[in-house]
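Student: Pasted the sequence and its predicted model underneath.
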Amino acid sequence: MASSVISDFLQGLIPDERVRKEIKATMERGALNGGEIDSEEALISWFTNRFKPNTVILDRTDYSRALIRSLWIAPNLAALDFAGGRLRDFAQLWTDTARGFLGEIAVQKLLEKYNLNIHLDSRRGEVKEFMASDLLVKEEGIENPRPSKIKVSIKTTKLNGRWLEIPESQFRQSDLFVFVKLGISRYHFTSYLKETVKLLLQDGLKIKELDEEQVKTLTEEIPDWGSIPAYVSGFVDKEKLKLPIHALDFRVCRKRQSVNGVRPISRIEIDGGVGLFSESTLSSYEDIVNANIPVGVPMEIAGIGKEVDGNFYASSGLLKFGKEDWTELVKRI
């Protein structure tokens with residue numbers, strides 16, 4: 001039943017079956033891994049009561065807008081991928097930046113349902129100028145938008161994302177953090193550029209790199225453009241948190257080989273929670289202290305594959321997302 005309802009929803013947005021299948025899988029995996037549901041049986045209730053009310057649809061115009069806005073910002077971004085140590089090329093910087101703008105447009109559209117008109121700042125500037133707040137408010141009868149009364153940061157990932165992650169330095173600057181999950185597949189940028197790719201393939205014919213059958217095959221392998229379901233999964237309000245660790249769900253993982261009949265602890269996996277997760281904060285957390293974890297055991301963020309680093313993390317299942325939560329937030333902005 002749940003599978004059918006979700007499939008019907010996606011079929012109305014996305015023409016290509018390959019893309020629908022990928023989006024559906026990432027949607028369900030993100031809900032389960034993020035703790036938004038605790039079983040597949042709860043999927044239909046989650047889809048009806050949480051996903052759909054907090055999802056807006058981004059069309060081709062929205063994607064164009066995000067790409068254009070990101071051209072103003074991307075040249076000023078650092079080219080180094082700090083996580084992987086690789087030098088990113090401009091195309092990757094461009095599309096990564098556009099994804100962030102898509103998240104902001106999604107929040108803008110969702111808040112319009114609550115009669116709040118948001119203006120998104122897309123002027124050229126240094127990244128540090130935009131870290132504290134993404135939102136400007138347009139009020140009726142006033143020409144210039146005003147800054148929001150609270151500093152809001154918007155973070156964007158794909159639908160299978162489970163963690164809202166904020167660098168510790170940015171966490172200090174903002175008051176509230178919104179988490180957007182985009183229903184995009186690995187094809188989305190190529191689909192957007194399909195007409196341009198067709199021109200390239202025609203060039204391939206002229207220079208005899210391709211024949212007509214190969215052009216047909218390559219054209220069919222690129223999915224047609226489909227709308228993007230953007231799920232604004234919720235937000236976390238720093239003012240309401242008990243820090244450094246507000247909530248924590250972890251697993252003690254043990255090695256396969258036993259020593260004197262006991263399997264040694266190999267690592268701690270953080271499955272869910274909200275807080276500033278570092279070796280220091282976790283080691284002093286009561287539940288971990290009571291687990292008698294040996295000194296030096298790695299503590300990792302589940303699903304990310306890296307050790308805790310002092311950044312702020314919030315699993316999506318613990319975010320505020322209800323209608324009353326958004327209504328109260330709008331009053332504060």
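Tutor: Good, I have the coordinates. Residues are numbered from 1 along each chain as shown.
Student: Who are the contact partners of the spatially closest residue to residue 46 that is not a sequence neighbour?
Tutor: Of all residues not flanking residue 46 in the chain, residue 37 sits nearest, at 4.7 Å (CB to CB, 6 or more residues apart in numbering). Using the backbone N, CA and C atoms, a C-beta is placed for each residue, glycine as well. Counting by CB atoms under 8 Å, 6 or more residues apart in numbering, residue 37 makes contact with 31, 43, 45, 46, 317.
Student: mind checking how far the fourth one is from residue 74?
Tutor: Read it as residue 46. Using CB to CB, to the nearest Å, we find residue 46 at a distance of 35 Å from residue 74.
Student: try the second one
Tutor: Look at residue 43 and residue 74: by CB to CB, they are 37 Å apart.
Student: Let me know whether residue 269 touches residue 249 as I believe.
Tutor: No - when contacts are counted by CB atoms under 8 Å, residue 269 is not listed as touching residue 249 (9.6 Å).
Student: For the stretch 1-150 of the chain, give me the ranges with low pLDDT.
Tutor: Applying pLDDT under 70 to the stretch 1-150 of the chain flags the ranges 1-3, 76-88, 121-134.
Student: Do you have the helices of it handy? List them.
Tutor: Using DSSP state H, counting those that start in this stretch, the helices of the stretch 1-150 of the chain run over 2-11, 17-33, 43-46, 60-73, 90-112.
Student: Same check on the stretch 201-333 of the chain?
Tutor: Using DSSP H, counting those that start in this stretch, helices in the stretch 201-333 of the chain cover 212-221, 279-283, 286-290, 323-332.
Student: Check which helices and strands the first one is in contact with.
Tutor: This means helix 212-221. helix 194-206 (3 or more CB pairs under 8 Å, 6 or more residues apart in numbering; DSSP states H and E).
Student: Residue ranges of each domain in this protein, please.
Tutor: Listed by automatic domain parsing, the domain ranges of the chain are 2-187+225-240+314-332, 191-221, 245-313.
Student: For the last one, measure first residue to last.
Tutor: End-to-end distance for domain 245-313, by CA to CA, to the nearest Å: 10 Å.
Student: coming back round to it: which one of the domains of the chain is the most hemmed in?
Tutor: With neighbours taken as mean count of other CB atoms under 10 Å, those reach their highest mean count in domain 2-187+225-240+314-332, at a mean of 17.
Student: Tell me how far it lies from the chain's centre.
Tutor: Here domain 2-187+225-240+314-332 is found 6 Å from its chain centre; the criterion is CA atoms, centre = their mean, to the nearest Å.
Student: Ok, stretch 184-193 next?
Tutor: Distance of stretch 184-193 from its chain centroid, counting by CA atoms, centre = their mean, is 17 Å.
Student: Any chance you could list what contacts that stretch?
Tutor: Contacts to stretch 184-193, defined as CB under 8 Å, 6+ apart, come from residues 16, 18-19, 22-23, 60, 63, 67, 95, 99, 158, 197, 222-226, 228.
Student: Just the mean pLDDT for that stretch, thanks.
Tutor: Averaged over stretch 184-193, pLDDT sits at 94.
Student: Between the two ends of it, what distance do you get?
Tutor: Length of stretch 184-193, first residue to last, CA to CA: 15 Å.
Student: OK, contacts around the closest residue in space to residue 90 that isn't next to it in sequence?
Tutor: Spatial nearest neighbour of residue 90, excluding adjacent residues (CB to CB, 6+ apart): residue 74 at 6.7 Å. For residue 74, the contact set (CB under 8 Å, 6+ apart) comprises 90, 93, 94, 97.
Student: Please render the contacts of residue 37 as JSON lines that adds distance to residue 135 to the earlier fields.
Tutor: Formatted as JSON lines, the contacts of residue 37 follow (distance: CB to CB, whole Å):
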{"residue": "31", "distance to residue 135": "26"}
{"residue": "43", "distance to residue 135": "32"}
{"residue": "45", "distance to residue 135": "31"}
{"residue": "46", "distance to residue 135": "27"}
{"residue": "317", "distance to residue 135": "25"}
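Student: with these in mind, which one is nearest to residue 240?
Tutor: Distance to residue 240, by CB to CB, is smallest for residue 317 among those, at 16.4 Å.
Student: That'll do, ta.
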